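> return atomic coordinates for the entry below.
(one chain, ligands or ions: 1)
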Amino acid sequence: MTEITAPGSTGLVSAGSGGSAAPLVGVLALQGGVREHIRALEAAGARTMLVRRPAELEAVDGLVLPGGESTTIDKLMRLFGMADPLKAKIAAGFPVYGSCAGLILLADRITDPAVDAAGEPQQTLGGLDIVVRRNAFGRQRESFETELAFEGLQALPSQDPGQPVAGVHAVFIRAPWVEKVGSTVQVLAQVTPAESASEAEKDSVARIVAVRSGKLLATSFHPEVTGESRIHELFIQMIRGDA
Ligand SMILES: NC(=O)CC[C@H](N)C(=O)O
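Purely as a prediction, here's the structure:
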């Protein structure tokens, strides 16, 4: 375990199993499920660091935006002076992976942005040419788990090329879905209609729940809470330029 402190930082850095060549990946630690991402990143071979300040952003090779509450994370990012530097970095090709609330924050548009008491709609960082619907799976399926086929895992170092790619165990917690994708966006996973879905209309088509565009990766679900580390491994490969 190495401890490094970035300039002006209170963040802790720890070495993952990947050694000195391992990329240093930050997790935005303003609100939400930070620890779980740190664990998944280290299991996938990254070094990790909590990121709260703009100076800390400069120290990392990529950033995870965790799940939580997108409206709160949006407000805190603006309050901490993180939103503008992060937008600029995203525009310049900085790798970012967002899960759940993190996916919402990476979306160029939200169908139903929350509006605060002052009448101000929530904002996103943008970067992903997608339209996202928050809390989209509705009351019956507000939180659920399923196995998903996920594109892009075949070439991961942890995957035995002679074996089929196992499904990703995905946990959805008041999750968004992606309603529209632009031409630059690759769809990596979809939830197919549930056999017993009572809200038949809502669940009658497959819903996009994972996307990639350039160095941006986003999932509606939380792979980090199930011991699944292949999505983080994919992100690390994207940072390295190997995926
Ligand atoms: N688990 C989550 O991250 C939920 C996201 C939340 N519904 C939001 O809008 O931010």
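> what mean pLDDT does stretch 163-180 have?
For stretch 163-180, the mean per-residue pLDDT is 95.
> stretch 108-117 now?
Averaging pLDDT along stretch 108-117 gives 95.
> who touches that stretch?
Judged by Cβ atoms under 8 Å, 6 or more residues apart in numbering, the contacts made with stretch 108-117 from elsewhere in the structure are 70-71, 75, 104, 121-124, 126-134, 179, 182. All C-beta spots, glycine's among them, are computed from the backbone N, C-alpha and C.
> out of those residues, which are buried?
The neighbour count (16 or more other Cβ atoms under 10 Å) marks 70-71, 75, 104, 122-124, 126-130, 132-134, 179 as buried among the contacts of stretch 108-117.
> which ones among these map onto strands?
With strands defined by DSSP state E, the entries of these inside them are 128, 129, 130, 132, 133, 179.
> ok, the residues you listed vs the ligand, which is closest?
residue 132 (9.1 Å; Cβ to the nearest ligand atom).
> contact partners for the closest one?
103, 104, 107, 109, 110, 111, 176, 177, 178, 179.
> the same query, at a cut-off of 10 Å, please.
70, 103-113, 124, 176-180, 208, 211, 218, 220 (Cβ atoms under 10 Å, 6 or more residues apart in numbering).
> same question, residue 149
Listed by Cβ under 10 Å, 6+ apart, the contact partners of residue 149 are 165, 166, 167, 168, 188, 189, 190, 192.
> ditto for residue 62
Shown in contact with residue 62 (Cβ under 10 Å, 6+ apart): 23-26, 41, 46, 89, 94-97, 215, 217, 235-236, 238-240.
> could I have the buried ones of the residues you listed as ChimeraX selection syntax?
The ChimeraX selection below is limited to those of these classed as buried (16+ other Cβ under 10 Å):
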select :23,24,25,26,41,46,89,94,95,96,97,215,217,235,236,238,239
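> beta partners of the residue nearest the centre of the chain?
Computing the C-alpha centroid of the chain and ranking residues by Cα atoms, centre = their mean puts residue 98 first, at 1.8 Å. For residue 98, the residues forming beta bridges with it (DSSP bridges) are residue 65, residue 218.
> once you drop chain neighbours, what's closest to residue 209?
Residue nearest to residue 209 in three dimensions, not counting chain neighbours: residue 220, with 4.0 Å by Cβ to Cβ, 6 or more residues apart in numbering.
> so which bits of this structure are right by the ligand?
Proximity of the chain to the ligand is assessed by Cβ under 6 Å from any ligand atom, with 67, 68, 69, 70, 100, 101, 104, 134, 135, 173, 174 identified as the residues in range.
> do that again at 8 Å, thanks
32-33, 66-73, 99-102, 104, 114, 134-135, 172-176, 222 (Cβ under 8 Å from any ligand atom).
> can you confirm residue 209 is in a helix?
No. Under the criterion used here (DSSP: H, G, I helix; E, B strand; the rest coil), residue 209 is strand, not part of a helix.
> still on that earlier bit, can you select the buried ones from the contacts of residue 149 in ChimeraX?
ChimeraX command restricting those to the buried ones, with burial defined by 16+ other Cβ under 10 Å:
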select :165,168,188,189,190
